[in-house]
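Novice: Structural data only, the sequence is not supplied:
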C-alpha cells in the first residue's frame, strides 16, 4: 500500500483515504495503482462488504496531478480508469465521503461511487473546459444520468462549481453533514448497509447499476445470473434461520 493511500479495516468496512493533502489530494499514478489494488482486495475478501473512499486534510480530490501528467504519468489504470475506479468500480458497494473540493477527476471518482455523503461546505465540479480539456473519466457520461439534461449541460459546459446543498437537492448526494462530519456519517451509512447479507448487497448493487439500459424483454434474463447465486447461498439460509429464531444473522459471505 502506497503512503499516499491509507487503508483501515473497520469491521466489514474498508476505509480508504487519499493522503496527499499538500497537493489537495490530486490523483497521481501511484495512488491510483494503490486504490485499484485495495478494491481488488475488497472484492476478494468474504469478510468485507463495502468500502468508504475519502480524502485527508479537508479535501476529497482536486483532480489529476498535473506535475505527474506533464511527466507522462497519467493517474489512469488500464481497464480500471482514473484513480483505479472510474471505468471499473468494485463489485461491492463504494461510498464517497466528501469534504472540501471534489473537482475534475475528483468529481468523477464521486460519480463512480454508489452512495455519497458530503459536508455542506463541499463543492463539486468538472472544470476541465476551463483548461481546454474534457472530463473523460466518466463525468460527461455519468452526470447526465444522475441529474436533468440541462443541469448536466450547464456544469459540463461552464465548468462552474456545484455546491453540496444544490447537489443534495439534485439527488447526487445521499446525506449532508456539517463540516468535518462526512466520514463519520459515511461510516454510519456503511454500518446500515453492511448489516445486511454481503452477497445480497453486492448482487443488488450490480442489478441497479447495470439494468438502466436493459430492455423489458431481457431484464429478467440478465438479472438471473446475478441474483440466483444469492438464493442458493449459505447466507440466504442463515438469513431465513435468523429471522425464524428472532436473532441477528451471522453472515459469512458464502
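Specialist: Received the coordinates, thanks. The shown structure was predicted, so the numbers you read here are calculated from the model rather than taken from an experiment. Numbers count the residues shown, from 1 in each chain.
Novice: Now do the helix or strand in which residue 209 is found: which elements does it pack against?
Specialist: Element membership of residue 209 [criterion: DSSP states H and E] is helix 198-210. If contacts are counted by 3 or more CB pairs under 8 Å, 6 or more residues apart in numbering; DSSP states H and E, helix 198-210 sits against strand 93-98, helix 219-231, helix 234-244. All C-beta spots, glycine's among them, are computed from the backbone N, C-alpha and C.
Novice: any idea how far that helix is from the chain center?
Specialist: 14 Å (CA atoms, centre = their mean, to the nearest Å).
Novice: swap in stretch 191-211?
Specialist: Centroid separation for stretch 191-211 versus its chain: 13 Å, with CA atoms, centre = their mean.
Novice: go on, stretch 220-229?
Specialist: For stretch 220-229, the distance to the chain centre is 23 Å (CA atoms, centre = their mean).
Novice: and if you look at stretch 32-51?
Specialist: Computed by CA atoms, centre = their mean, the chain-centroid distance of stretch 32-51 equals 12 Å.
Novice: just stretch 207-217 next, same as before
Specialist: 20 Å.
Novice: Averaged pLDDT, that stretch. What do you get?
Specialist: Stretch 207-217 shows a mean pLDDT of 94.
Novice: what's in contact with it?
Specialist: Residues outside stretch 207-217 that contact it (CB atoms under 8 Å, 6 or more residues apart in numbering): 89, 114, 145, 219, 222-223, 226-227.
Novice: Show me which of the residues you listed is closest to residue 52.
Specialist: Nearest to residue 52 among the contacts of stretch 207-217: residue 114, at 10.9 Å, using CB to CB.
Novice: how near is that closest one to residue 33?
Specialist: Residue 114 sits 22 Å away from residue 33 when distances are taken as CB to CB, to the nearest Å.
Novice: Which stretches in the stretch 101-250 of the chain count as helices?
Specialist: 105-111, 139-146, 149-158, 164-169, 182-194, 198-210, 219-231, 234-244 (DSSP state H, counting those that start in this stretch).
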